[in-house]
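*Asks:* Could you look at this predicted model? Sequence included:
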Amino acid sequence: MHSGSTRPTTTGSTVLAAVRGACYRHRMAMSDNLKGAGLMMTAMAGFTLNDVCIKALAGDLPLMQVIFLRGVLTSSLIAIAAWWMGALSFAIPPADRRLIAIRCVAEAAAAWFFLTALYHMPIANLTAILQALPLVVTLGAALVFGEQVGWRRMTAILAGFTGVLLIVRPGTEVFSIYSVLGVLTVLCAAVRDLVTRRLSRDVPSLTVTLFTAIAVAMLGLVLGLREDWQMPNAREASLIGGAALLVLGAYLTIIMAMRVGEISFVAPFRYTGLLVAIVAGLIVFGEFPDLLTWVGSGIVVASGLFAFWRERRLSLPRPRVPPR
């Protein structure tokens, strides 16, 4: 009797321990996902508020001077942070050097297009156009790397492009060359992200970020030779310094966000940057999107979220069907 009664107890204890372990792992996974989501939202807010600082300088300082000064400060801060974290390494494999060079050129071009557009168009409209970036990267991965993209995600991509057209509205009085620059920003940023996928894991993220920041600063210096630079006053210097700090914080938090939790859970929270842009545009610049911009933005965000969801679902292991 005694030996027969211990087996169910032992089995029950084992099952209970397994359930507790599964619950603990689930709680830890959710905790990491929530941390990653918070970090992603913080990063997007940092990037967007940096844009607010730059846009606030429009009409006060030449654009290339702002790009150069912010680039110098950002590069210095990133170099210090990378050195302090032990993530600064110049021992880069030869194959990665060419990729980093291409990435730097793409990032510098994207910065030029974006900041030029930012000086002349509502921040919410421009930010809404940028939300199409994940869709363009997905399409680029299919065209360049041969990654499989099913009809559902392709439909989402086409819907996202339709949303961008509603924001840009070519052929109407709302359309301008600066809207085209916003689209060119997305294309250049997509090249940057696609190249980043090909970098080896041996190259620290902050080292790549440092090279990119230096490239953007050099762009401002070279193109700024045609402009009449002036000494920034206290307000202008504060905005440039604040922008550099926000960029640094955004870079660090987005790196941490992608290392905490599941990428498929964390990545969609990048769209919170659009909400920050809408609120900041209204409070700081008195800008408020019109109805078509709202509709286009909603389509772009919904398309991106669906693409993220579909990619996550396809990445999950499928249950094995027993043979009949």
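*Replies:* Thanks, I have it. Residues are numbered from 1 along each chain as shown.
*Asks:* drop to CA atoms for contacts and neighbour counts, all remaining ones
*Replies:* Will do.
*Asks:* Only alpha carbons, please: show stretch 107-121 as CSV.
*Replies:* C-alpha atoms of stretch 107-121 as CSV (Å, rounded to 0.1, in the frame of the first residue of the first chain):
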residue,chain,number,x,y,z
GLU,A,107,22.8,56.8,-44.0
ALA,A,108,24.3,60.1,-45.0
ALA,A,109,22.1,60.4,-48.0
ALA,A,110,19.0,59.5,-45.9
ALA,A,111,20.0,62.2,-43.3
TRP,A,112,20.4,64.8,-46.0
PHE,A,113,17.0,64.0,-47.6
PHE,A,114,15.2,63.7,-44.3
LEU,A,115,16.5,66.8,-42.6
THR,A,116,16.0,68.9,-45.8
ALA,A,117,12.4,67.7,-45.9
LEU,A,118,12.0,68.2,-42.1
TYR,A,119,12.9,71.9,-42.5
HIS,A,120,10.0,72.4,-44.9
MET,A,121,7.1,70.1,-44.1
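*Asks:* ok, residues contacting it?
*Replies:* 51, 54-55, 58, 63, 126, 178-179, 181-182, 184-186, 188-189, 192, 212, 215-216, 219 (Cα atoms under 8 Å, 6 or more residues apart in numbering).
*Asks:* same thing but 7 Å
*Replies:* For stretch 107-121, contacts defined as Cα atoms under 7 Å, 6 or more residues apart in numbering pick out 55, 58, 178, 181-182, 184-185, 188-189, 192, 212, 215-216, 219.
*Asks:* And the helices in this protein?
*Replies:* 2-55, 63-84, 94-120, 123-130, 133-145, 151-168, 177-197, 205-223, 234-259, 263-266, 272-285, 291-315 (DSSP state H).
*Asks:* just the angle between the second one and helix 234-259, please?
*Replies:* Read it as helix 63-84. Put simply, helix 63-84 runs at 50 degrees to helix 234-259, going by axes from the mean of the first three to the mean of the last three Cα atoms, to 10 degrees.
*Asks:* ok, now which ones touch residue 132?
*Replies:* Each residue near residue 132 by Cα under 7 Å, 6+ apart is listed here: 160, 300.
*Asks:* May I have the phi/psi pair for it?
*Replies:* phi -80, psi 0 (degrees, to the nearest 10).
*Asks:* now do residue 227
*Replies:* Dihedral angles (degrees, to the nearest 10) for residue 227: phi -100, psi 160.
*Asks:* leaving aside the residues next to it on the chain, what's closest to it?
*Replies:* residue 62 (6.8 Å; Cα to Cα, 6 or more residues apart in numbering).
*Asks:* Give me the neighbour count for that neighbour.
*Replies:* 15 (other Cα atoms under 10 Å).
*Asks:* Can you give me the distance of it to residue 167?
*Replies:* Look at residue 62 and residue 167: by Cα to Cα, to the nearest Å, they are 27 Å apart.
*Asks:* how much space between residue 67 and residue 192?
*Replies:* 19 Å.
*Asks:* Tell me the backbone dihedrals of the residue nearest to residue 227, please.
*Replies:* According to degrees, to the nearest 10, residue 62 has phi -60, psi 140.
*Asks:* Where does pLDDT dip in the stretch 151-300 of the chain?
*Replies:* 258, 261, 263-264 (pLDDT under 70).
*Asks:* residues in contact with the closest residue to residue 246 other than its chain neighbours?
*Replies:* Nearest residue to residue 246, sequence neighbours excluded (Cα to Cα, 6+ apart): residue 46, at 5.0 Å. Residue 46 makes contact with 246, 247, 249, 250 under the criterion Cα under 7 Å, 6+ apart.
*Asks:* Counting neighbours, what do you get for the first one?
*Replies:* A total of 22 residues lie near residue 246 under the criterion other Cα under 10 Å.
*Asks:* so what's it up against?
*Replies:* 46, 47, 50.
*Asks:* so what's residue 133 up against?
*Replies:* Counted by Cα under 7 Å, 6+ apart, residue 133 has contacts 186, 190.
*Asks:* hang on, the earlier thing: just put the contacts of residue 246 in a markdown table and tack on distance to residue 202 and pLDDT.
*Replies:* Converted to a markdown table, the contacts of residue 246 look like this (distance: Cα to Cα, whole Å; pLDDT from 0 to 100):
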| residue | distance to residue 202 | pLDDT |
| --- | --- | --- |
| 46 | 27 | 92 |
| 47 | 26 | 92 |
| 50 | 30 | 94 |
